[in-house]
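Peer 1: model the following, please.
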Amino acid sequence: MNFDVYVWKSPRGLDPAGAAALLDSWQESGGDPARSPFEPSTDVGWFYRELMQDVPGLEASSDAAPSGRATPIWLSATDEPPARVVGMRLSAGLPADALESIVGLAAKYDLVLFDTRSRRAHLPLDVMAAHASATFWPAGAIQAAVGGGIGALIAVAGWFIGIPLLSGLAMLIGGFMFVMAVYTFIHEGRKAMKTRQTKR
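Peer 2: Below is the predicted model:
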């Protein structure tokens, strides 16, 4: 059975033609999800479990075997069983935010998303990272600077509080915020320099 959208974990470096050829050959051989040419991953299992909870009316097929636990996902102590692929049909009666849920979960678990209608493979997490880098200067830089400054103030306040546990916790949180802001500036600065060098 053919679906509108498929997600998988690996292989990842396929161009649109390669991804389409892989799907076509699999479909011609019967399209059994358990025999698909994709690598099994617990990320695909988690994707399927969350998707079925977030979009219960979605028509989907997978080799995933959800645990069936009623425990909220964020409290689950064990991994979902690995799965290879999830195929989804985007019918007209789906909620408007269904596609957003699919793309958001694909980004969360860093999965490949293949749209059979456009015959294109997407890496939502990479797309989001590229967008964040493209819009970092100046708005993102200001946010990072403010976050780093607040972190530094929290760390300094923790130093002067003088209460052993509270001081240590404040210094740890503030220091982490400051270090992450510095790391963000270094990372985005290197990207910007590489972009300038390639344009020359």
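
Peer 1: max-length helix in this protein?
Peer 2: In terms of residue count, the longest helix belonging to the chain (DSSP state H) is helix 164-199.

Peer 1: and it, what's buried?
Peer 2: Ser167, Ala170, Met171, Gly174, Met177, Phe178, Ala181, Thr184, Phe185, Glu188 (16 or more other CB atoms under 10 Å). Placement of C-beta: from N, CA and C, glycine included.

Peer 1: packing partners of that helix?
Peer 2: helix 141-161 (3 or more CB pairs under 8 Å, 6 or more residues apart in numbering; DSSP states H and E).

Peer 1: got the buried residues for the helix it packs on?
Peer 2: Neighbour count says helix 141-161 has Ala144, Gly148, Gly151, Ile154, Ala155, Gly158 buried, by 16+ other CB under 10 Å.

Peer 1: pLDDT and distance to Ala64 added to these, as JSON lines?
Peer 2: Output for those, formatted as JSON lines (pLDDT from 0 to 100; distance: CB to CB, whole Å):
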{"residue": "Ala144", "pLDDT": "82", "distance to Ala64": "38"}
{"residue": "Gly148", "pLDDT": "88", "distance to Ala64": "41"}
{"residue": "Gly151", "pLDDT": "89", "distance to Ala64": "40"}
{"residue": "Ile154", "pLDDT": "91", "distance to Ala64": "42"}
{"residue": "Ala155", "pLDDT": "89", "distance to Ala64": "44"}
{"residue": "Gly158", "pLDDT": "85", "distance to Ala64": "45"}
